[in-house]
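Asker: no sequence for this one, just the structure:
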């Protein structure tokens, strides 16, 4: 079959959502988006459920005048004020958000909407430069003046008409400071909590973005990943996260770890919103959110998985309960017409041995270049000294072993480093390419994450999760969609495909999402075994 462009696929997905995703009775009745309204009185009715509404549905309402971006933005700002104190996911809101929304409303009234993201509230991970808000990477070292310019991806979002709602907390320095970090903690923002069970961890460095989406604090969010930091938080917080092919989204103006692996990517509560956000980030989206002619059959039929070939990489090391969930997931995919065969991508032990030493050299090079553009420490050596002399940086964990090892690592001009990176990238690509080709697969599927562990600063994370590594190192796309739950804790299904197969992967992900139907809103339980929501937060089933 002739390959469709990303823009054509996105346009088709929009049409499917408009045609098949109209809000049901629950959505029509809800205004605040979460079962019991948050404290402080019921907000004005929007006529949509913030938990479940999609961007195409919102745009349809904006087009007919029954919803404004100003009302939508106000609703999200109110949820941040009332719900976020329990999960601590949002560092700050943009004081210009309502002005941005009013400008979008004017464009909609004048028939000049810029596309699917026009008027849609977006949260940014706080390692993405914004000219009018601080960008800290969670560190007090960068908590002074904002950057001089927006990151390239922020410029794309503004061009698309998106409302920049604010910045989310993250694991400080994207979890590349200490050997035993605690995900979701930063000196700037404190600890972010998993909305499903509040004493559990949100995972990865895009922790605030994922937790905010689970709590319906924005329509979409931006995360970043070097290895696992989009997809693991997505899986552990029950949302969708897409790590794009390397280079599809510009990394300019994003605090780096490694140019060889870093990418920003979209996160949302559903695949369609994820896909639309990717189209804006990559500058390849449709010009308007209308339904096109010639809709591809596989996107409109319930048999969207029929004939698809999926390789199942089980990873029993993630526990018997996760393995049982993956077995049930595979059976659902088979019943929907997919062919599922068990696979084990090769070279995983060698990838694990090679990756970290390469990242140390790349971090030293790339963080020095970034710090040279900002006020504060001007290089890695000065950054290490800053952390030594600021006690607030050590209130959860004290270590900065990765900084120190990176400072001593071989230069990226060193022949040994170059050989290591060349072998690493080659083996990662072969790991996926050979597996996909040998079994004639459309994608490889694996569990994204184990159930969330309890957050513990003294112990640190329990996060040996190998499923993200092959696509991360290869620069190939991966996509996590909700697969189900172990007790109250979400587990994602990670889908991986070949280089620049983002459009095909999103199409497959939409079909998988539809078949599994695994999303449910969090209940904000204080701990496992608790049967009531945390004080001040409404149950959201």
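Answerer: That came through fine. Because the structure is predicted, anything quoted here is derived from the model rather than measured.
Asker: show me where the stretch 251-400 of the chain dips below the pLDDT cut-off.
Answerer: Along the stretch 251-400 of the chain, segments meeting pLDDT under 70 span 284-303.
Asker: which helix or strand in the protein has the lowest average pLDDT?
Answerer: None of the helices or strands of the chain scores lower by mean pLDDT, DSSP states H and E than helix 25-29, at a mean of 29.
Asker: buried sites along the helix or strand hosting residue 234?
Answerer: Assigned by DSSP states H and E, residue 234 falls within helix 231-236. Buried residues in helix 231-236, counted by 16 or more other CB atoms under 10 Å: 231, 232, 233, 234, 235, 236. To be clear about C-beta, it is placed using only N, CA and C from the backbone, and glycine gets the same treatment.
Asker: what about residue 254, how many neighbours?
Answerer: Neighbourhood size, residue 254 [other CB atoms under 10 Å]: 26.
Asker: so what's it bridging to?
Answerer: Taking DSSP bridges as the rule, residue 254 bridges to residue 128.
Asker: check contacts around it.
Answerer: By CB atoms under 8 Å, 6 or more residues apart in numbering, residue 254 lies in contact with 127, 128, 129, 151, 153, 224, 262, 264.
Asker: quick one on the thing from earlier: quick check: mean pLDDT of the helix holding residue 234?
Answerer: Average pLDDT, helix 231-236: 98.
Asker: closest to residue 144 out of the buried residues of helix 231-236?
Answerer: residue 233 (27.3 Å; CB to CB).
Asker: surely the closest one touches residue 212?
Answerer: No: checked against CB atoms under 8 Å, the pair residue 233 and residue 212 is beyond contact range at 10.3 Å.
Asker: quick one: the helices in the stretch 1-150 of the chain?
Answerer: Taking DSSP state H, counting those that start in this stretch to define them, one finds helices in the stretch 1-150 of the chain at 6-20, 25-29, 55-64, 69-87, 97-109.
Asker: lowest average confidence across these, which one?
Answerer: helix 25-29 (a mean of 29).
Asker: if we can go back for a sec, please work out which residues outside whichever helix or strand comes after the helix holding residue 234 touch it.
Answerer: Downstream of helix 231-236, the next assigned helix or strand under DSSP H and E is strand 240-243. Strand 240-243 is contacted by residues 206, 210, 223, 225, 230-231, 233-235, 263, 265-271, 273-275, 278, 468, 471-472, 477-482, 492, 502, 505-506, 509, 513 when judged by CB under 8 Å, 6+ apart.
Asker: report the contact partners of residue 366.
Answerer: 256, 257, 258, 259, 262.
Asker: for the residues you listed, which two are the farthest from each other?
Answerer: 257 and 259 (8.8 Å).
Asker: compare these two (neighbour count), which wins?
Answerer: Set side by side, residue 257 and residue 259 show more neighbours around residue 257, with 27 against 15, by other CB under 10 Å.
Asker: list the contacts for the closest residue to the more buried one other than its chain neighbours?
Answerer: Distances taken as CB to CB, 6 or more residues apart in numbering place residue 226 nearest to residue 257, at 4.5 Å, with adjacent residues excluded. Shown in contact with residue 226 (CB under 8 Å, 6+ apart): 174, 176, 257, 258, 261, 262, 359, 472.
Asker: helices - which of those residues land there?
Answerer: Secondary structure from DSSP state H places 359, 472 of the contacts of residue 226 in helices.
Asker: using JSON lines, please lay out the contacts of residue 226 together with distance to residue 56.
Answerer: Listed next are those as JSON lines, based on distance: CB to CB, whole Å:
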{"residue": "174", "distance to residue 56": "32"}
{"residue": "176", "distance to residue 56": "37"}
{"residue": "257", "distance to residue 56": "34"}
{"residue": "258", "distance to residue 56": "35"}
{"residue": "261", "distance to residue 56": "32"}
{"residue": "262", "distance to residue 56": "30"}
{"residue": "359", "distance to residue 56": "38"}
{"residue": "472", "distance to residue 56": "30"}
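Asker: of the contacts of residue 226, select the buried ones using a PyMOL command.
Answerer: Filtering the contacts of residue 226 down to the buried ones (16+ other CB under 10 Å) takes a single PyMOL command:
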select buried, resi 174+176+257+258+261+262+359+472
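Asker: nearest to residue 339, of the contacts of residue 226?
Answerer: For the contacts of residue 226, the nearest to residue 339 is residue 472 (26.4 Å; CB to CB).
Asker: from residue 508, how far out is that closest one?
Answerer: For residue 472, the distance to residue 508 (CB to CB, to the nearest Å) stands at 19 Å.
Asker: same check, this time on residue 71
Answerer: Taking CB to CB, one finds residue 71 at 35 Å from residue 508.
Asker: rewinding a little: top of the contacts of residue 254 by number of neighbours, please.
Answerer: Result: residue 127 is most packed of the contacts of residue 254 (other CB under 10 Å), 32 neighbours.
Asker: how near is that residue to residue 200?
Answerer: Applying CB to CB to residue 127 and residue 200 gives a distance of 23 Å.
Asker: same thing with residue 144?
Answerer: From residue 144 to residue 200 the distance is 33 Å (CB to CB).
Asker: same check on residue 437?
Answerer: The gap separating residue 437 from residue 200 is 39 Å, by CB to CB.
Asker: neighbour count winner among those two?
Answerer: Using other CB under 10 Å as the criterion, residue 437 and residue 200 rank with residue 200 on top: 23 against 10.
Asker: re earlier: what residues does the helix holding residue 234 touch?
Answerer: 183, 194, 201-207, 209-211, 223, 225, 240-241, 243, 267, 447-449, 452, 463, 465, 467-468, 478-480, 482-483, 489-494.
Asker: rerun that using 6 Å as the cut-off
Answerer: 202-204, 206-207, 210, 240-241, 243, 267, 448-449, 452, 465, 468, 478, 480, 492, 494 (CB atoms under 6 Å, 6 or more residues apart in numbering).
Asker: can you check stretch 456-474 too?
Answerer: 180-183, 227-228, 231-232, 261, 315, 345, 351, 355, 396-397, 424, 428-429, 431-432, 446, 449, 453, 478, 494, 496.
Asker: ends of stretch 305-313, what's the gap?
Answerer: Stretch 305-313 has its terminal residues 18 Å apart, counting by CA to CA, to the nearest Å.
Asker: in that stretch, what's buried?
Answerer: By neighbour count on 16+ other CB under 10 Å, the buried set for stretch 305-313 is 305, 308, 310, 311, 312, 313.
Asker: can you check stretch 373-391 too?
Answerer: 374, 376, 377, 380, 383, 384, 386, 387.
Asker: for it, what is the distance to the chain centroid?
Answerer: Distance of stretch 373-391 from its chain centroid, counting by CA atoms, centre = their mean, to the nearest Å, is 28 Å.
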